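K.L.:
can you look at this prediction? I've put the sequence above it.
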Amino acid sequence: MSTRSNRHVIIEGPDGAGKSTLVKWLSPVLDVPVARRISDSLKGVQGKNLAAYVNEDMKGWSNNASMNPKLHAPLFGRTTPSRLYDRYPLISEPIYGLHVRKGPQPEFLTTWYRETWAHFIEMDPLVIWCLPPYDEVAKHVHPSRDMDGVWRNISQLYTAYRLEAMKFPGRSFVYDYTIHKPGQVLDLCSAHFEI
C-alpha cells in the first residue's frame, strides 16, 4: 500500500459500535499502522491532556493530495505517515466530555478548539462513522466492560454520534456492520491513502 499522501483515516463511534474490530481488520490489510489511542473503555481520558495530545499528534500532519502547497509540508518539519485512528479527540471529546463527564476538557471550550478543528478539516481526514442500529450497540455495552458513565449514557452517546456524522463537513462514510461489508470501507480507505 502506498501511503505517500500522508492522509489519515479516523474510525469513530460510540462504545460497542465495532470500531476496534474494524481498525484491527483494516490495519494489516492496508499495511497502515494504528495510532496510539489516548483513552480506553475503563478509565476514559482520566489524567490526560487531550489538547496536548492533539497538538503533538497534528504537528506532523500534511496532505500531499491537496492542491494547497502549504498543506504538503507541516510547519514543524516532520511528516507523519498515513495512520488509522481508533477515535480522535477533536471528535470524541466534545461528545464524551458532555455526556459522560458533564463537560469537555477546558481547552475544547476556547478558540484553540475552533482553530485546531479548522486545521483538522483542512487536512481532509476520512472519517468512518461506526453506527450500526442502536440495539446492536447497546447489547455490546455493559458495566463489566465499560465505564459507568458510558453504559448509563449509551443512548445519548449514540444519538450524539449520529448527529455529528450528519453534520460533519469533511469526507466521511457511515458504516453499519449489519448491512455493509468491511471491503466497502477498505476500498474507501485505499482510495483515500493513494495519490
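P.N.:
Thanks, I have the structure now. Numbering: from 1, shown residues only.
K.L.:
what is the least confident helix or strand in the chain?
P.N.:
Within the chain, confidence by mean pLDDT, DSSP states H and E is lowest for helix 148-152 among all helices and strands, at a mean of 82.
K.L.:
downstream neighbour of it in the secondary structure list?
P.N.:
helix 154-167 (DSSP states H and E).
K.L.:
from the chain's centroid, how far away is the least confident helix or strand of the chain?
P.N.:
Computed by C-alpha atoms, centre = their mean, to the nearest Å, the chain-centroid distance of helix 148-152 equals 20 Å.
K.L.:
make 850 the starting number, not 1.
P.N.:
All right, first residue 850 from here; so that's helix 997-1001.
K.L.:
give me the residues contacting it.
P.N.:
Residues from elsewhere that reach helix 997-1001 (C-beta atoms under 8 Å, 6 or more residues apart in numbering): 864, 890, 893, 945, 948-950, 990-992, 1006. C-beta: built from backbone N, CA, C; applies to glycine.
K.L.:
what sits against P974?
P.N.:
856-859, 937, 1019-1020.
K.L.:
the same query, at a cut-off of 10 Å, please.
P.N.:
Applying C-beta atoms under 10 Å, 6 or more residues apart in numbering, we find P974 in contact with 856-859, 910, 912, 932, 934, 937, 939-940, 1019-1021, 1041.
K.L.:
same thing with K1030?
P.N.:
1024, 1036.
K.L.:
could you check how far it is from D1036?
P.N.:
10 Å (C-beta to C-beta, to the nearest Å).
K.L.:
ok, back up a step: tell me which of the contacts of helix 997-1001 has the lowest pLDDT.
P.N.:
When those are sorted by pLDDT, the bottom entry is S890 at 61.
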